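Trainee: sequence unavailable; structure follows:
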C-alpha cells in the first residue's frame with residue numbers, strides 16, 4: 001500500500017516529514033515522524049520504550065528524553081492530551097500505544113487491526129532538524145554553560161564533505177519571540193564553521209529562505225550546491241538551553257553524526273573546553289580529515305549580552321523592510337546595551353558600526369561612531385573578519401583605496417567564506433578599473449551565497465541589463481518587501497526606458513522606506529501625467545526629502561536627473577555629494593566611489609565637469 005496514511009483527520013506523508021489537515025500543513029522532525037510511523041505500524045498495540053528507541057535510533061545511544069521529546073511533539077501537533085488521550089496513550093511502566101484509527105490513503109481502513117505500513121522510513125526520514133552545536137567554538141563559548149553530554153557519535157566511517165550549509169535552527173521554545181535567539185545562534189554557527197578555510201560554507205542570506213521549509217535535504221543540497229548539511233533545534237526555558245546537532249551527507253541523506261548538549265546560560269564554562277574539543281574532533285574527522293580546526297580560548301559572555309546582541313542583529317537585518325532608519329536605531333540601542341553590559345564583547349561593536357552605516361540621513365556623529373566602533377572591535381579581536389570588512393567599507397567610501405583593499409583581503413584571509421567581503425573586494429577592484437580581478441571576487445561571493453545577488457556590478461559593467469533585471473526579479477520573489485531590491489529595479493528599468501515598471505518600483509521603495517507621502521504623490525501624478533510624469537514627481541519628492549534632512553541620496557538623484565536629460569541638475573547633486581563627503585560615506589546612497597560604475601551617470605561621462613570630479617575623488621579614468 002501507499003506509504004502515506006491518515007491518523008484521524010490528519011494526512012501523514014512520511015516521505016515529506018509532513019502532516020496536514022484542512023489545508024494546514026506542518027513539518028515534523030524526521031525522528032518524530034519515525035516514532036509516529038512505528039506506532040502506526042502497530043496501531044492498537046503497546047510498544048515498549050526500548051523497542052521504539054531501538055527502531056528509531058538503531059546505532060545511537062540516547063536517553064529517554066529523546067523519545068519523550070518525540071511523543072510530546074506528536075501530542076502537540078495532534079492537539080492531544082496525555083491525561084485524556086485521543087491519539088497516543090501512555091501505558092505506565094510499559095510504553096506507548098496509538099489509539100486513533102489508522103487509514104491508508106488508498107482507503108483500506110481498519111480501526112482494530114494494525115495497518116502494515118511497510119518500510120516507509122528510509123534514509124530520507126533518518127534526519128532531523130537537530131543541530132546548533134556542530135563545530136562552533138564561539139557559539140558554544142557564548143552560550144553553552146555547564147554543559148553535559150547526552151548523545152553520542154554514530155557515524156561508521158569518514159565521509160569527506162567539501163561544502164556545507166547550516167539550515168536555520170528550529171526554535172522549540174514555547175515563546176515565539178525567541179525566534180531572534182535561534183536565528184542569532186544560526187548566524188554564530190555559520191560564522192564559526194566558515195573559519196574552516198578548505199570548506200565552502202553557504203552564507204546566512206541564502207539559507208534563511210529554508211526556514212520552516214518542507215523541501216527535502218537532497219533538494220536543498222542541489223539548490224545550494226553543497227554536499228553536507230547541519231540541521232538543528234534550540235529549546236530554551238528561562239536560563240536553561242538544550243541544543244542538539246546533526247551532520248548529514250546531503251545528497252544521500254546519510255546521517256554522519258549527532259549529539260545533544262544542555263546548559264545554563266547563567267553558569268560558568270567549567271566544561272566548555274571539553275565540549276569544544278569533542279565537537280572539533282568530529283568536525284575535523286568528517287569535514288576536513290587532513291586539517292585541524294582552529295579553536296579559541298573559551299570566553300564567558302553573560303546571557304544579557306547575548307539577548308541584546310541577537311536582538312540587535314534581528315533589527316539590523318530588517319532595514320529596508322519598512323520603518324526607514326528606525327530598525328537601525330533600535331538595533332543600535334541593543335548593541336549599546338550589550339556593550340554596556342560587556343565592554344570587551346567585540347561582535348557588539350561590529351554590530352554598532354553597521355547600524356550607523358547606510359543610514360537614510362546620517363550625521364557627523366554617526367560617521368564618528370562607525371569609525372570608532374569598528375576600530376575598537378578590531379582592537380579587541382584582530383581576527384574578526386566582520387570588523388576588518390566593516391573597516392574596509394569605511395575606507396572605501398572615504399576614498400582610502402589602498403587601506404580598503406588591505407582590510408577586505410584581511411577579512412577574506414581570516415574567513416575565506418565571507419561572501420560579503422569577497423563582493424566588497426570585487427566591487428572595489430572594479431571601481432579602480434581592475435575588472436578581471438573584480439569579476440573573480442564577485443563570482444566567488446555568488447558561489448558562497450547563491451541565494452543573493454553578488455553579480456550586479458559585473459553585469460552592470462558588462463551592460464547586461466536584461467539579464468540583471470531577470471536576476472533581480474528572481475530575488476524579489478524571495479524578498480518582496482525589501483526596499484533595496486525595489487530601488488535597484490527602479491534604476492534598471494529607468495535605464496532601459498521602461499517607465500511603467502520603473503514607476504512601480506520607485507513607489508514601492510518609497511513605501512518600504514516609510515515615505516508614504518512620496519508614494520501617494522506619484523500615484524496622483526500617474527493619473528494625470530503617466531508613468532514618466534510620476535517618476536519626475538517622485539524625483540522631486542525625494543529631492544524635498546534631501547532638503548528636509550530625511551534622506552541623503554545626492555548621487556542617486558544625480559543619476560536619475562542625468563537619465564531624464566537634466567544634466568545641470570545632475571551635476572548640482574554630484575557637487576552636493578562631494579561637499580557632504582564627511583557624512584556621505586555612511587549614507588545609504590550610491591556614493592562617489594561609484595562614479596566609474598554607475599550606469600545612470602553614463603550620459604555625463606564625456607563632460608569635462610565629470611572628468612574633473614573623478615580626478616578629485618582620486619579614481620582612475622574609466623577605460624571602455
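Mentor: Structure's in. What do you need? Just so it is clear, the structure is predicted and the values come from calculations on it, not from any experiment.
Trainee: which strands and helices sit next to the strand or helix carrying residue 74?
Mentor: Per DSSP states H and E: residue 74 is located in helix 64-77. Under the contact criterion of 3 or more Cβ pairs under 8 Å, 6 or more residues apart in numbering; DSSP states H and E, helix 64-77 touches helix 30-41, helix 49-56, strand 88-91. For the C-beta atoms, the positions are set from N, CA and C on the backbone; glycine is no exception.
Trainee: packing partners of the longest one?
Mentor: To tie it back to what came earlier, the one meant is helix 30-41. Where contact means 3+ Cβ pairs under 8 Å, 6+ apart, helix 30-41 is packed against strand 5-7, strand 10-13, helix 49-56, helix 64-77, strand 95-98.
Trainee: repeat for the second one
Mentor: Contacts of helix 49-56 with other secondary structure elements, assessed using 3+ Cβ pairs under 8 Å, 6+ apart, are made with helix 30-41, helix 64-77, strand 95-98.
Trainee: who does the shortest one pair up with?
Mentor: Here strand 95-98 has these sheet partners by DSSP bridges: strand 46-48 (antiparallel), strand 88-91 (antiparallel).
Trainee: I'd like these laid out as CSV, including mean pLDDT, mean neighbour count and distance to residue 38.
Mentor: As requested, the strands paired with strand 95-98 are exported to CSV (pLDDT from 0 to 100; neighbours: other Cβ atoms under 10 Å; distance: least, Cβ to Cβ, whole Å):
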stretch, mean pLDDT, mean neighbour count, distance to residue 38
strand 46-48, 86, 15, 7
strand 88-91, 87, 16, 12
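Trainee: okay, now residue 601: neighbour count?
Mentor: Residue 601 has 21 neighbours, counted by other Cβ atoms under 10 Å.
Trainee: next one: the one 5 residues further on
Mentor: Other residues within reach of residue 606, judged by other Cβ under 10 Å, total 8.
Trainee: same deal with residue 480?
Mentor: Neighbours of residue 480 (other Cβ under 10 Å): 12.
Trainee: for it, give its distance to residue 215.
Mentor: Separation of residue 480 from residue 215 (Cβ to Cβ, to the nearest Å): 19 Å.
Trainee: and stretch 25-33, how far out from the chain's middle?
Mentor: Chain-centre distance of stretch 25-33: 23 Å, with Cα atoms, centre = their mean, to the nearest Å.
Trainee: same check, this time on stretch 506-520
Mentor: The answer for stretch 506-520 is 26 Å, by Cα atoms, centre = their mean.
Trainee: what's the answer for stretch 551-568, then?
Mentor: 33 Å.
Trainee: for stretch 520-537, same thing?
Mentor: 36 Å.
Trainee: give the buried residues for it.
Mentor: 521, 522, 525, 526, 531, 532, 533, 534, 535, 536, 537 (16 or more other Cβ atoms under 10 Å).
Trainee: quick check: end-to-end length of stretch 74-88?
Mentor: This stretch, stretch 74-88, spans 8 Å end to end (Cα to Cα, to the nearest Å).
Trainee: can you give me the helices for the stretch 351-500 of the chain?
Mentor: In the stretch 351-500 of the chain, the helices defined using DSSP state H, counting those that start in this stretch lie at 364-380, 385-397, 401-414, 419-431, 435-448, 456-461, 465-478, 483-495, 499-512.
Trainee: between those, which one is closest to residue 16.
Mentor: Nearest to residue 16, of all the helices of the stretch 351-500 of the chain, is helix 465-478, at 21.3 Å by Cβ to Cβ.
Trainee: and that closest one, what does it pack onto?
Mentor: Counting by 3+ Cβ pairs under 8 Å, 6+ apart, helix 465-478 packs on helix 456-461, helix 483-495.
Trainee: let's go with 10 Å and repeat that
Mentor: Packing partners of helix 465-478 (3 or more Cβ pairs under 10 Å, 6 or more residues apart in numbering; DSSP states H and E): helix 456-461, helix 483-495, helix 499-512.
Trainee: what's the angle from the second one to helix 499-512?
Mentor: Orientation check (axes from the mean of the first three to the mean of the last three Cα atoms, to 10 degrees): helix 483-495 against helix 499-512 gives 160 degrees.
Trainee: just want the angle from the top helix by length along the chain to helix 499-512.
Mentor: Secondary structure assigned by DSSP state H gives helix 516-547 as the longest helix of the chain. Using the same axes, to 10 degrees, the inter-axis angle of helix 516-547 relative to helix 499-512 is 80 degrees.
Trainee: just how off-centre is helix 516-547 within its chain?
Mentor: For helix 516-547, the distance to the chain centre is 34 Å (Cα atoms, centre = their mean).
Trainee: flag every buried residue along stretch 220-237.
Mentor: Buried residues in stretch 220-237 (16+ other Cβ under 10 Å): 220-221, 224, 226-236.
Trainee: care to break this structure down by domain?
Mentor: Domain segmentation of the chain under automatic domain parsing yields 5-125, 137-300.
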